[in-house]
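*Asks:* only geometry, no sequence info:
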């Protein structure tokens, strides 16, 4: 989904409510910051994608929407699975997603309650999971953890 595909009047989109430039105008080039707290649940990666898409479109960085949305989704999924307990419909520790813009670059940060470092795994050919950090690495200029 691109910026043009999203109905700007869709007030049901929680990401739209979280970041909407006044009058829907493009943000000027420069520095911007957006942050969102995600509940611990299976819908959070999708909410994170919507939030990232809305922020990037508002900043006029449409060319980054697809890559950042996928990377954010993978990082949030990793945080939900490994950073604060098992998937739960309710409860669990929230995850913080922030996007920081400097010119045409965007820093995506996901903060979780985990105490261990994210680990790149070698997924088997038929594995249904275990490739998230490989995807983040492929879509990013640089990545790491603190």
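*Replies:* Noted; the coordinates are in hand. Because the structure is a prediction, the values reported are computed rather than measured.
*Asks:* mind listing residues that contact stretch 95-110?
*Replies:* With Cβ atoms under 8 Å, 6 or more residues apart in numbering as the test, stretch 95-110 has contacts from 29-38, 40, 44, 48, 51-52, 55-56, 59, 61, 64, 68, 71-72, 75-76, 78-80, 83-84, 111-112, 141. No exception for glycine: its C-beta is placed from N, CA and C like everyone else's.
*Asks:* now do that stretch, average pLDDT.
*Replies:* Averaged across stretch 95-110, the pLDDT comes to 93.
*Asks:* partner residues bridging residue 96?
*Replies:* residue 37, residue 111 (DSSP bridges).
*Asks:* for this structure, longest helix please?
*Replies:* Across the chain, the longest stretch assigned as helix under DSSP state H is helix 65-82.
*Asks:* can you flag the buried ones in the contacts of stretch 95-110?
*Replies:* 32, 34, 36, 38, 40, 44, 48, 51-52, 55-56, 59, 61, 64, 68, 71-72, 75-76, 78-80, 83-84, 112 (16 or more other Cβ atoms under 10 Å).
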